[in-house]
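Chemist: Any chance you could fold what I've pasted below:
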Amino acid sequence: MVGNVDESSGTASAQFLRGQKALVTGANSGIGMATAIALGRAGADVVVNYVVGADAAEKGVAKIKDFGVRAYAHEADVSDEDQVVAMVARMVEEFGTIDIMVANAGLQRDAPVLDMTLAQWQKVIDVNLTGQFLCAREAAKEFVRRGVVPEVSRSAGKIICMSSVHQVVPWSGHVNYASSKGGVDMLMDARSGAGPQRIRVNAVAPGAIRTPINRDAWSTPEAEADLLRLIPYGRVGDPDDIANAVVAVASDLLDYVVGTTLFVDGGMTLFPGFATGG
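Modeler: Sure, this is the predicted structure:
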């Protein structure tokens, strides 16, 4: 199907994912919300996962349903094994299966490494890394059970891990976050061994995106100007930039892409400081 772009939002509008079933974790705001809406726009039925912010999650569900697809919100802490198992089991019961798992939920607990507590370290690892493992594992179980349904997709299922430029760019004061995203890279690489079962595992790695988690970095002209020094493309990203990438990676348009991290960062990983000698 040939797609169009909504020029008012820059969002792809083709229904590349019609009939597929997607679950997006951490989908009550920011990148997760934009991704859940974009998947619905692309024709998928969507589960909007959240751990706090039920009202925001329900607003997202309403927007998704406007595209004529099914959606519901599900509260679950992705770092809790029983809750993840129950979340995927409910989705299979209500939607019949799962085709796309977007492991997006993440958080920060920032501190200089000498001041960082074990609780701050562990919370970030539990949500950002262990949570992605649990979600990928439960989705993969259903993919293997069901196998490929050619009229739906060429693959048995798609797992998309939400990583970050900080899987490769060190970040002082955020060692737990950067470590978790480095772990996501390895998790994605290792899980890609499921390829013979026709499971596609890839990652999307955002750069600087306008979301609540990093508002201080772009909310004033001075802060934005400082941030733009790190972005060769000359603009801060929007959640739809990431959402569009996820839709593309989840679609059969990129069926032969396996075990790859797609950096959506305006060139941040080019280390632009070196353009002027470092």
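
Chemist: Doesn't residue 158 lie inside a strand?
Modeler: Yes: counting by DSSP: H, G, I helix; E, B strand; the rest coil, one finds residue 158 located in a strand.

Chemist: What is the neighbour count of it?
Modeler: 28 (other C-beta atoms under 10 Å). (C-beta placed from N, C-alpha, C; glycine too.)

Chemist: That one touches residue 100, doesn't it?
Modeler: Yes: contact criterion C-beta atoms under 8 Å: residue 158 and residue 100 qualify, at 4.9 Å.

Chemist: what is in contact with those two at once?
Modeler: Shared contacts of residue 158 and residue 100 (C-beta atoms under 8 Å, 6 or more residues apart in numbering): residue 250.

Chemist: isn't there a helix covering residue 107?
Modeler: No: counting by three-state DSSP, residue 107 is not found in a helix; it is coil.

Chemist: pretty sure it is in contact with residue 123, am I right?
Modeler: Yes: with contact defined as C-beta under 8 Å, residue 107 reaches residue 123; the gap is 7.2 Å.

Chemist: quick one, helices of the chain?
Modeler: 30-41, 54-65, 81-95, 118-125, 131-146, 175-191, 221-228, 239-250 (DSSP state H).

Chemist: most tightly surrounded among the ones you listed?
Modeler: Most buried of those, by mean neighbour count (mean count of other C-beta atoms under 10 Å): helix 30-41, with a mean of 28.

Chemist: how about the CA coordinates for it, as PDB?
Modeler: The C-alpha coordinates for helix 30-41 follow below in PDB (Å, rounded to 0.1, in the frame of the first residue of the first chain):
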ATOM      1  CA  GLY A  30       5.600  11.200  25.200                       C
ATOM      2  CA  ILE A  31       7.100   8.800  22.700                       C
ATOM      3  CA  GLY A  32       5.000   5.900  23.900                       C
ATOM      4  CA  MET A  33       1.700   7.800  23.400                       C
ATOM      5  CA  ALA A  34       2.800   9.000  19.900                       C
ATOM      6  CA  THR A  35       3.800   5.500  19.000                       C
ATOM      7  CA  ALA A  36       0.500   3.900  20.200                       C
ATOM      8  CA  ILE A  37      -1.500   6.500  18.200                       C
ATOM      9  CA  ALA A  38       0.700   6.000  15.100                       C
ATOM     10  CA  LEU A  39       0.200   2.300  15.200                       C
ATOM     11  CA  GLY A  40      -3.600   2.800  15.400                       C
ATOM     12  CA  ARG A  41      -3.400   5.200  12.500                       C
END
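
Chemist: and it, average pLDDT?
Modeler: When pLDDT is averaged over helix 30-41, the result is 97.

Chemist: Any regions of the stretch 51-200 of the chain where pLDDT drops low?
Modeler: 192-195 (pLDDT under 70).

Chemist: in the chain, which strand has the most residues?
Modeler: Longest strand in the chain, counting residues (DSSP state E): strand 199-206.

Chemist: Give me the sheet partners of it and which way each runs.
Modeler: Applying DSSP bridges to the sheet, strand 199-206 is found paired with strand 157-162 (parallel), strand 261-264 (parallel).

Chemist: Using PDB, write out every CA atom in it.
Modeler: Output of strand 199-206 as PDB, limited to C-alpha atoms (Å, rounded to 0.1, in the frame of the first residue of the first chain):
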ATOM      1  CA  ILE A 199      10.600 -13.200  14.800                       C
ATOM      2  CA  ARG A 200      12.000  -9.800  13.900                       C
ATOM      3  CA  VAL A 201      13.800  -8.100  16.800                       C
ATOM      4  CA  ASN A 202      15.000  -4.500  16.300                       C
ATOM      5  CA  ALA A 203      15.600  -1.400  18.300                       C
ATOM      6  CA  VAL A 204      14.800   2.300  17.800                       C
ATOM      7  CA  ALA A 205      17.200   4.700  19.500                       C
ATOM      8  CA  PRO A 206      15.900   8.300  19.900                       C
END
